[in-house]
Structure formats: C-alpha cells, structure tokens
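1. fold the following for me, if possible:
(chains A and B)
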Amino acid sequence: ETGVTQTPRHLVMGMTNKKSLKCEQHLGHNAMYWYKQSAKKPLELMFVYSLEERVENNSVPSRFSPECPNSSHLFLHLHTLQPEDSALYLCASSQDFGREGFGQPQHFGDGTRLSIL
Amino acid sequence: GENVEQHPSTLSVQEGDSAVIKCTYSDSASNYFPWYKQELGKGPQLIIDIRSNVGEKKDQRIAVTLNKTAKHFSLHITETQPEDSAVYFCAASGYNQGGKLIFGQGTELSVKP
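-> Below you'll find the model as predicted:
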C-alpha cells in the first residue's frame, strides 16, 4: 500500500475531450505534487501544492489545470491535449514542502497512464 | 539550478552479484539524496535516503554512500535477486531547490537468474 491512490489507472482520450485525474493521499501530508513521466526522460515536476496553495507551476501549458480542494485530494483537469501529452502522470505527497530548505521524502502513487488519440 | 546525472542507464548483473549505480550533482548546497525503485506498472517507491551530515547508510542488502567533496552518491545492492529488477532513480534536493527533488534519468537494472 503506497498511501497515495490515483484514479483512473489508464485513460484514453481524444484531443477534444475533457477529463480529470484524481489523487488521494492517506498519509496526513501537507504537500502534494503532479509529475509527468515520459519514456527515456527524467520525472518532470508540473505542479506543487502546499497546504492547498499552489506554490510551483513549472511552465506547464494551460491545457493542464490543477485543483487542490483540501490537503488530501489533488486533481489534474485535462482539456484539448496534444499527442505529446501521452505519458504516465504521477501524484506524490510529502509531509511538508520546502521547510527550512530541507528536501523531504515524497511518496508516489502508481500513476495514470494517459494516451491521447 | 541543480543538475543530477545518473549512470549507467542500463545495468545487467547475474543473480547474487552486486550492483552499483552512481549519481553526480552540481549544487554543493544540496543536502538530501533519496533513491527510488520503480517496478513495471507501479509508481516510484522510496527505498533509501541519506542526508548530507552522514557519509553512508545501510538497510539490509542496500546501501547509499555520499561523497560531498566530489558531489556524488551511489546506490549499492548486494546479493542481487531477480525481484531487484526495476528502474532506479536518484534525486537531490536542498535549500536552492526550495524542497523540490531533482531526479536523475534512471537506471534499468536487470538481474538474471
């Protein structure tokens, strides 16, 4: 059990569709993250939320829209995606973010495999 | 910003042998270095981590060493087993990264029975 649950596990969508990815953490953490993992590339940080406030947005296109209604839930809303957006999208959480400049362990979910037709 | 280089990209060993994966980082202020294991169809799982105030940490068959002067850290797996086959990622973080983890490119480890 990872403590971080992502749904759906697989998603196939057309470029004109709108869909949402969901992440839920059961660890009592205060920070949550979205990463994109493409083949042969390092994990790319997309967004960071700390105490439900977005603190990081790594130049992600506006067709990706995050939402954090509370510290346990994180969503990634998708619309008019491009074929190059096909990837594994990973959610992670950590106790805090950036506290006193010390990195902290992040706990990952198993991801949503997204395919854009 | 921080840059993490990981080598090798693929590693094949015989069951029972040792495996070593090495990462170098660029920011001397980095102070936290975790290692993750990602099995097929799963998310990365933290297997061991080390902070900059220690040089080595062990947990059963796995160990991590840190050389702050040379700015590199390594993952050592002894007595490898087929279930160790996975992709391993190193990462670095610290004050200048504001708590973000900067990941290496990953190493695909294959343990042959």
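2. residues of chain B that sit close to chain A?
-> Contact residues, chain B versus chain A (C-beta under 8 Å from any C-beta of the partner chain): B:4, B:30-32, B:34, B:36, B:41-46, B:49, B:51, B:89, B:91-101, B:103-106. From N, CA and C alone the C-beta is placed, and that goes for glycine too.
3. name the strands paired with the helix or strand where residue A:88 lies and say parallel or antiparallel.
-> Residue A:88 belongs to strand A:87-94 when elements are defined using DSSP states H and E. Strand pairing for strand A:87-94, using DSSP bridges, gives strand A:31-37 (antiparallel), strand A:107-108 (antiparallel), strand A:112-116 (antiparallel).
4. tell me which of those strands sits most buried.
-> strand A:31-37 (a mean of 24; mean count of other C-beta atoms under 10 Å in any protein chain shown).
5. quick check: phi and psi on the closest residue to residue A:73 other than its chain neighbours?
-> Spatially, and ignoring its direct neighbours in sequence, residue A:73 is nearest to residue A:24 (5.5 Å; C-beta to C-beta, 6 or more residues apart in numbering or on different chains). Phi and psi for residue A:24, reported as degrees, to the nearest 10, are phi -140, psi 130.
6. can you select the buried ones among the residues of chain B next to chain A for me in ChimeraX?
-> The buried residues among the residues of chain B next to chain A can be selected in ChimeraX (16 or more other C-beta atoms under 10 Å in any protein chain shown) with this line:
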select /B:4,30,31,32,34,36,43,44,49,89,91,92,93,94,97,99,100,101,103,104,105,106
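7. point me to the residue of chain B nearest chain A.
-> Proximity of chain B to chain A (C-beta to the nearest C-beta) peaks at residue B:93, 2.6 Å away.
8. that residue contacts residue A:106, correct?
-> No: counting by C-beta atoms under 8 Å, residue B:93 stays clear of residue A:106, with 9.4 Å between them.
9. joint contacts of those two?
-> B:34, B:101 (C-beta atoms under 8 Å, 6 or more residues apart in numbering or on different chains).
10. residue contacts, the closest residue to residue A:41 other than its chain neighbours?
-> The spatial neighbour of residue A:41 that comes closest, neighbours along the chain excluded (C-beta to C-beta, 6+ apart), is residue B:105 at 7.4 Å. With contact taken as C-beta under 8 Å, 6+ apart, residue B:105 is in contact with A:40, A:41, A:42, B:5, B:6, B:9.
11. any of these buried? List them.
-> A:42, B:6.
12. point out the least confident member of the contacts of residue B:105, please.
-> Taking these together, the minimum pLDDT is found at residue A:40 (73).
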